[in-house]
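S.K.: From the sequence below, what's the structure:
(2 chains)
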Number of protein chains: 2
Amino acid sequence: MMNRFDRATPQVHEVNALTGDAEGLELLNRYWDAANYLTVAQIYLQENVLLRVPLAAEHIKPRLLGHWGTSPGLSLIYVHLNRLIRRSGAQVLFVAGPGHGGPAVIANLYLEGTYSEIYPDVSRDLAGLRNLVRQFSTPGGIPSHVGPATPGSIHEGGELGYSLAHATGAAMDNPELIVACVIGDGEAETGPLAGAWKAPAFLNPGRDGAVLPILHLNGYKISGPTVLGRQSDEQVVSLLRAHGWDPVVVAGDDPALVHADLDRELGNAHARIIRIQEQARQNGTDGPSRWPAIILRTPKGWTGPDFVDGVPVEGTFRSHQVPLGGVREKPAHLSQLETWLRSYKPETLFDADGRLVPELAALAPKGNLRMGANHWAHGGTTMDPLPLRPLENYALDVGTPGSTKHETTMPLGQMFRDIYTDTARDPRFRLFSPDETNSNRLGAVFEVTDRCLMTPARDGDDHLSPDGRVMEVLSEHLCQGWLEGYVLTGRHGFFATYEAFAMVGASMTVQHAKWLQHSRDLRWRQPVPSLNILLTSTCWRNDHNGFSHQGPGLIDTVLSLSGLVVRVYLPPDSNTLLAVAEHVLLGMNHLNLVVVDKQAHPQYLNIQDARRHAAAGASIWHWAGNDDVPGGRSASGGAFSDTVSSITTADEPVPATEPDIVMACAGDVPTEETLAAAWLLQRHVPDLRVRVVNVMDAFVIPPRDAHPHGLTDVNFERLFTSDREVVVAWHGYARAFHQLLHGRRHPGRFHVRGYNEQGTTTTPFDMVVLNRMSRYHLVLEALNRVGGGFEGAPELAEHCRAMLAKHAAHIRLYLEDMPEIRDWVWSSPRAGRNSSRGENPS
Amino acid sequence: MMNRFDRATPQVHEVNALTGDAEGLELLNRYWDAANYLTVAQIYLQENVLLRVPLAAEHIKPRLLGHWGTSPGLSLIYVHLNRLIRRSGAQVLFVAGPGHGGPAVIANLYLEGTYSEIYPDVSRDLAGLRNLVRQFSTPGGIPSHVGPATPGSIHEGGELGYSLAHATGAAMDNPELIVACVIGDGEAETGPLAGAWKAPAFLNPGRDGAVLPILHLNGYKISGPTVLGRQSDEQVVSLLRAHGWDPVVVAGDDPALVHADLDRELGNAHARIIRIQEQARQNGTDGPSRWPAIILRTPKGWTGPDFVDGVPVEGTFRSHQVPLGGVREKPAHLSQLETWLRSYKPETLFDADGRLVPELAALAPKGNLRMGANHWAHGGTTMDPLPLRPLENYALDVGTPGSTKHETTMPLGQMFRDIYTDTARDPRFRLFSPDETNSNRLGAVFEVTDRCLMTPARDGDDHLSPDGRVMEVLSEHLCQGWLEGYVLTGRHGFFATYEAFAMVGASMTVQHAKWLQHSRDLRWRQPVPSLNILLTSTCWRNDHNGFSHQGPGLIDTVLSLSGLVVRVYLPPDSNTLLAVAEHVLLGMNHLNLVVVDKQAHPQYLNIQDARRHAAAGASIWHWAGNDDVPGGRSASGGAFSDTVSSITTADEPVPATEPDIVMACAGDVPTEETLAAAWLLQRHVPDLRVRVVNVMDAFVIPPRDAHPHGLTDVNFERLFTSDREVVVAWHGYARAFHQLLHGRRHPGRFHVRGYNEQGTTTTPFDMVVLNRMSRYHLVLEALNRVGGGFEGAPELAEHCRAMLAKHAAHIRLYLEDMPEIRDWVWSSPRAGRNSSRGENPS
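M.R.: Next comes the predicted model:
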């Protein structure tokens, strides 16, 4: 009937000449039938799974969902990889780019036995088969796409584009692993996938595993042809060759011939991978390796209905999802479905109890060599924690808080350097960045490793070699995709990028958070290292680059994601950054956003306080304010020893009397402006009681039912009081802070300054001034909120307005900040009132 | 000294054999010198621009910013394009992918005169030169990147990756235009750029303009080499050939030879473009055209310092930004800078008044042929409005509100169909989508046009031809990038995509909004058609696809952008969608997000009311509630004629008495659930006064100072009352609604149900139930808020809890919704209380 390939007499080449094993491809073809059968069954059936009685309408699901079109191709590849694994003992991780072919992957996992081991209800018998089909794409069941719930997968098959990047990341520092990455011709049209073909420039066969791309061209997307599907073999081959691969084409619509060709070429590819790796491991490399790749061209919806209602289906876009619709209502379609299902001869594939017959079951690899049991795919099971040296090795000696400046990220580079050193024997850490490692002041890593590039370095290159483990490629998608593949297979890393362009990977961030959120509920998935994103070069320091370089929006994106997964840290200084880095590198299953500028900023906390501050998420900086602090800590800007704390967290005794105003800040630049404002207030309005609260974990702000880091109401009010006005200087978009604040009592007393999109100017400017977050604006806001009556307040307000005018004129004339601002550091507001450094109202 | 090319005796080929003009390349080389000189001057100088006195420290800017490395290459291409334009009269639009070479582009605009025409302060004399250099990358000046303020540009040079997509979109339906697109080898590493090479598969020379990619390989990014920069010419050529281009290589570090080669190859490319177009326009096409492309390989920082402090700079990554640092402090660097500047012989380039000498000024094209004056780049000046037929042509006859169901997006497809028809003679509308036009129920467009693909259609293809104007490519980046190029050159369109993957282009959305926000302040930029993004297949209808397919996050991204630019519309039904579509297609300078599901939903408003609803942004649906409505409109579910309004906007008289509870909703699914909840409340708690408010413009919610669409406080409280509890069913993330609400009085009375990331389940489910936004949850919330004391309330609450339990069991057993939910439509809560349709507490 509808299949070109008559399953009764398969035209299979009996002898696999190249490998010489006698197993034969006929059995393999029957195994493929079984996979295809279970795929169709999952899409259509809710009962009578093995067609033990004639098919009837009530056996059909009420809503038909799933993607048939890509499924036979996925299964074809899977069963051939099974055969390769059995012959070679290779460790293969399977990445299903066309993950919407979920039923095919699940069918294969079921056939090999891993699925039932993880989901005992889906047992290898008739009852389990019924559960298998009923769970697919139904309420309370499983999604239609490959995802976290799919054994052996590190890749979600929803948003297309990242399969090859994930595969490449998984292969890094994984010398024994082969990652077979199926890429659909639909996915191949995406930008991120197109950008990922450059992997051979970065994969080192001496230390990394192999990526074997299998570009599956079935010719169509949902309703139109694909670009690559319509190109000649020669053109597609030349594309992959240009990227450094050595592709071969396997094409056809006769299963027998395709089986033989694919078997041979997979064997060749494996042999070549082994040869490349052996040579590199013995003799080193002198350039990128020409890794094998397979271009597989088979019909979309292969083995499915040729025609439906007189319209061609197999080999066309019409087989994309459910090729036969309305099966419950249309007897002809029901009959055609039954014929289709019976064409696979289920009675020859499964025994009376519903088990795969022994001669087929024997074709699956054994134990952990089954792709559904690949231990790298369940990354945490292989994970070794990172060795971290004491933070004291990198901590800055800050002296009096706020009195010295330092490039905040530089010590973090030293920490990364030592991680590289201490994992050299068992490499499991990499830094990923779009060529910004030096720019981000993380260059200390180059004391012990290099940038990675497989092409030989030239004179004038800086720390470049095939052995380097700093991955710089000008693609945020690739940096993040590689890191995702790396951490999902149990290793550790950081993606450091400019805040301005962090939104490039926003959708990947969302998808990774969803993966983690989903994985947490799967006991068989061990926790994996967290995905750590470091955002530098922030909006507050990009005046010269203009508005296109100012975008704190990734915070907004992350705010709405699952509180069980996401974290947003805004360390105010270097030591706090170190404490955050230690925390996120040792943590698991989180997506951490760490936002900090790379330039020189005042440094505030010694390492002990930084650790306490990071652990608490927010604290009162009592030295920066003047409300009563218990325990004699109300020092105002004096010298601090390492044993005297400069912060008071919400868990500690809070001041006996409440302040007149709370000045809160989150982020390095907001902190500096807030401290300068607090200084001005204390200096010139001495009767005003000012409290400074620094928030370095954005999620202490929402109530605990919105995020587990949320402070209890009691502790929240210990920091922010229950009723005083709070002036907030916030790193991100101003209104996003109000989203965080929702659910707290009296939110109207929080007055937030943050980044706002400016519609009224065409030129860059001092960003804190433009966004009314400068020290002078904060002072004016505070004075406005506490009302009149404080001695010195009118004069200070007048001074602030004058300074704003002076500053605006100054920067236009001298093209840089006024010295008062440029050179500002913290000093005691009460000391040296006549020193030149103190700003005094004229 | 540092330059290989001795400018005193340029080794220029005197005769341009191919073109035979006598102008000579020596003059061109001097013009290039002038551009390079002004580039260096912008980076370094604040005074003494033409070095009329010896260079001193005080002439140097305090902060050195800008990117030198890419600049000489950009200028080289610019001056050669000038020459091509003068010879051929070609209309060339210049897209500077390496837009961080801003000073180079601005130098060329200044030299050709367009810059001074637009910015008279930057005049063509000594005073103007001083302003030119002082404005660059300084406070109150201009950003360092090509952007909206740059004449002739449609492309921001910040976030890399979109140059070729923008160029391709600009060329569509622009038959006389040549878009010269410079692509840096840094940008070429990005995914979006890699995905954009497939343009020849979609550009039709019969009707479209040409894209001329100039891939500029200077070899380095910020601190490392580029992947393409380290590949052989042969490999790069094969890459572009594989994508369908016909590239040539121009390479060298001897300006004389490079000038000659580039001149020849640009001439060849132009001739070939003309030939391709003539052939296609006379004889049609039989496949993709082999468009020319140029691979230009010249040293990074060419003509700059060879060595600085003994380290090689020219031709290495060290020339990326500012090759000579600390010039104010280091006399040797100051001296080297002066030598570098004088190597261009400024005294021979500019006359005593600071004007470019006449023989060089003559090299620029004239009038609107100057690339800075290209009228397409200032799109609005060429824009013709779209002809739109009356909406009545497409409006659904809804009868009694809520009584019928229809696929909401289908009539929009009919509207698009007629726009295609009515612009056939002057094509200026295209629909862009990742292959989802049919899936999104917009297939009516295929009655009059096709999907576009240059390869010939095959049997079984559906509406596919080179002449089609529906652009389907499985790349959200490409769809949006093409549309951005299309609208920025004054044409119109829609990008229709699945909500789940809308975040893929989030960063492009942010950048486009910033472009528009910035452009608004530039009088010389006419308004351009809005960028319209239609999101379908929303989170509420993706239970079967799982969490990866549920993401309303683009709303959150847009919320923080400039209120002057962004709009978020959530039409509840088809007629409202039509009204929105009309509005956004005729509007200018906005970024519109329109979110609506594609499946069958109840339809509510006739077209007149839909127009009023869309114009008002929110209204009381008095037929769905039972609080007093003036004017005798308090009909409860009766039939509505076209002349009786079913809505009351905030500008109209509001009910005399206030309701006990307000049920507010935004989005199609939330609206359906809210109406069903309102029905249950009225049916079973007849004494409860219920008001239903539908919000279809998200930005009516914030105060007017946050968004111009914000309702006045008076009107806000006319809809939502001043003090009653409000149960909100919101399409997006629940907490994002609170961000919108910030600034309204008593925000605590709003109780929002919306999408929440679920951390506690591994399986898909009924999404409204899972997110506690089902009709039953909304009823329970409303009853909880109004307190006890209403007759029937306890029984209804019990009923709702029972129904939730029943529903959960039903969908697991029958794999579909209960009939009560599946078949729900609106009916009068007071009529037929014993009918089978009415849910009665048992």
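
S.K.: okay but residue A:237 is in contact with residue A:247, surely?
M.R.: Yes - using CB atoms under 8 Å, residue A:237 makes contact with residue A:247 at a distance of 5.3 Å. C-beta: built from backbone N, CA, C; applies to glycine.

S.K.: Tell me which of the two has more neighbours.
M.R.: residue A:247 (23 against 19; other CB atoms under 10 Å in any protein chain shown).

S.K.: Need the three-state assignment for the more buried one.
M.R.: Under the three-state scheme (DSSP: H, G, I helix; E, B strand; the rest coil), residue A:247 adopts strand.

S.K.: Pull the contacting residues for it.
M.R.: Counting by CB atoms under 8 Å, 6 or more residues apart in numbering or on different chains, residue A:247 touches A:215, A:236, A:237, A:240, A:241, A:292, A:293, A:294, A:295.

S.K.: For the second one, list the residues it contacts.
M.R.: Contacts for residue A:236 (CB under 8 Å, 6+ apart) come out as A:215, A:217, A:228, A:247, A:249, A:295, B:242.

S.K.: hmm, 10 Å instead?
M.R.: Residue A:236 is in contact with A:185, A:188, A:215, A:217, A:227, A:228, A:229, A:247, A:249, A:295, A:297, B:242, counting by CB atoms under 10 Å, 6 or more residues apart in numbering or on different chains.

S.K.: Can you verify the third one is assigned to a strand?
M.R.: Yes - according to three-state DSSP, residue A:215 belongs to a strand.

S.K.: So it sits against residue A:294, correct?
M.R.: Yes - counting by CB atoms under 10 Å, residue A:215 touches residue A:294, with 7.1 Å between them.

S.K.: so what sits against both of the two?
M.R.: A:182, A:240, A:245, A:247, A:249.

S.K.: which of the residues you listed tops the neighbour count?
M.R.: Within those, most neighbours by other CB under 10 Å means residue A:182, with 31 neighbours.

S.K.: Partner strands of the one helix or strand that residue maps to and their direction?
M.R.: Taking DSSP states H and E as the criterion, residue A:182 maps to strand A:177-184. Sheet pairing here is set by DSSP bridges, and for strand A:177-184 it gives strand A:91-96 (parallel), strand A:210-217 (parallel).

S.K.: roughly how far is the longest one from the heart of the chain?
M.R.: In other words, strand A:210-217. Its chain's average C-alpha position is 22 Å from that of strand A:210-217, according to CA atoms, centre = their mean, to the nearest Å.

S.K.: Just want the angle from whichever helix or strand comes after that strand to strand A:210-217.
M.R.: The helix or strand immediately downstream of strand A:210-217 is helix A:233-242, counting by DSSP H and E. Angle, helix A:233-242 to strand A:210-217, by axes from the mean of the first three to the mean of the last three CA atoms, to 10 degrees: 150 degrees.

S.K.: Give me the buried positions along helix A:233-242.
M.R.: A:236, A:237, A:238, A:239, A:240, A:241, A:242 (16 or more other CB atoms under 10 Å in any protein chain shown).

S.K.: so how far is residue B:393 from residue A:222?
M.R.: Distance, residue A:222 to residue B:393, by CB to CB, to the nearest Å: 28 Å.

S.K.: residues in contact with residue A:490?
M.R.: Residues in contact with residue A:490 (CB under 10 Å, 6+ apart) are A:170, A:174, A:375-384, A:428, A:526-529.

S.K.: Give me the phi and psi for it.
M.R.: With angles defined as degrees, to the nearest 10, residue A:490 sits at phi 90, psi 10.

S.K.: quick one on the thing from earlier: using JSON lines, please lay out the contacts of residue A:247 together with pLDDT and distance to residue A:347.
M.R.: Formatted as JSON lines, the contacts of residue A:247 follow (pLDDT from 0 to 100; distance: CB to CB, whole Å):
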{"residue": "A:215", "pLDDT": "98", "distance to residue A:347": "36"}
{"residue": "A:236", "pLDDT": "98", "distance to residue A:347": "40"}
{"residue": "A:237", "pLDDT": "98", "distance to residue A:347": "42"}
{"residue": "A:240", "pLDDT": "98", "distance to residue A:347": "42"}
{"residue": "A:241", "pLDDT": "97", "distance to residue A:347": "47"}
{"residue": "A:292", "pLDDT": "98", "distance to residue A:347": "39"}
{"residue": "A:293", "pLDDT": "98", "distance to residue A:347": "39"}
{"residue": "A:294", "pLDDT": "98", "distance to residue A:347": "34"}
{"residue": "A:295", "pLDDT": "98", "distance to residue A:347": "36"}
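
S.K.: Which members of these are the farthest-apart pair?
M.R.: A:236 and A:292 (14.8 Å; CB to CB).

S.K.: shared neighbours, residue A:237 and residue A:247?
M.R.: Residues touching both residue A:237 and residue A:247 by CB under 10 Å, 6+ apart: A:293, A:295.

S.K.: Centre of the chain to stretch A:437-452, how far?
M.R.: Distance, centroid of stretch A:437-452 to centroid of chain: 22 Å (CA atoms, centre = their mean).

S.K.: State the number of residues packed around residue A:347.
M.R.: When counting by other CB under 10 Å, one arrives at 13 neighbours for residue A:347.

S.K.: Am I right that it is in contact with residue A:33?
M.R.: No - taking contacts as CB under 10 Å, residue A:347 lies outside contact range of residue A:33: 11.6 Å.

S.K.: Now list whatever residues contact both of those two.
M.R.: Joint contacts of residue A:347 and residue A:33 (CB under 10 Å, 6+ apart) do not exist.

S.K.: Would you mind listing where the stretch 701-842 of chain A has pLDDT under the threshold?
M.R.: Residues of the stretch 701-842 of chain A meeting the criterion pLDDT under 70: A:758-765, A:831-842.

S.K.: Just the strands from it, written as ranges.
M.R.: For the stretch 701-842 of chain A, the strands defined by DSSP state E, counting those that start in this stretch occupy A:726-733, A:750-755.

S.K.: Residue A:583: which element?
M.R.: Going by DSSP H and E, residue A:583 is in helix A:574-586.

S.K.: The helix or strand just after that helix pairs with which strands, parallel or anti?
M.R.: Counting by DSSP H and E, the next helix or strand C-terminal to helix A:574-586 is strand A:591-595. Here strand A:591-595 is paired, per DSSP bridges, with strand A:531-536 (parallel), strand A:566-569 (parallel).

S.K.: looking at those, which is closest to residue B:166?
M.R.: Closest approach to residue B:166 among those is made by strand A:531-536 (25.9 Å; CB to CB).

S.K.: tell me the mean pLDDT over that closest one?
M.R.: For strand A:531-536, the mean per-residue pLDDT is 97.

S.K.: Get me the contact residues on the stretch 301-450 of chain A for chain B.
M.R.: Of all the residues in the stretch 301-450 of chain A, those in contact range of chain B (CB under 10 Å from any CB of the partner chain) are A:311-313, A:315-318, A:320-321, A:433-439, A:443, A:446, A:450.

S.K.: Now do the helix or strand of chain A with the lowest mean pLDDT: which elements does it pack against?
M.R.: The helix or strand of chain A with the poorest confidence is helix A:767-770; it has a mean of 86 (mean pLDDT, DSSP states H and E). Helix A:767-770 is packed against helix A:668-684, strand A:750-755, helix A:775-786, helix A:793-814, with contacts defined by 3 or more CB pairs under 10 Å, 6 or more residues apart in numbering or on different chains; DSSP states H and E.

S.K.: quick one on the thing from earlier: what average pLDDT does the strand holding residue A:182 get?
M.R.: 98.
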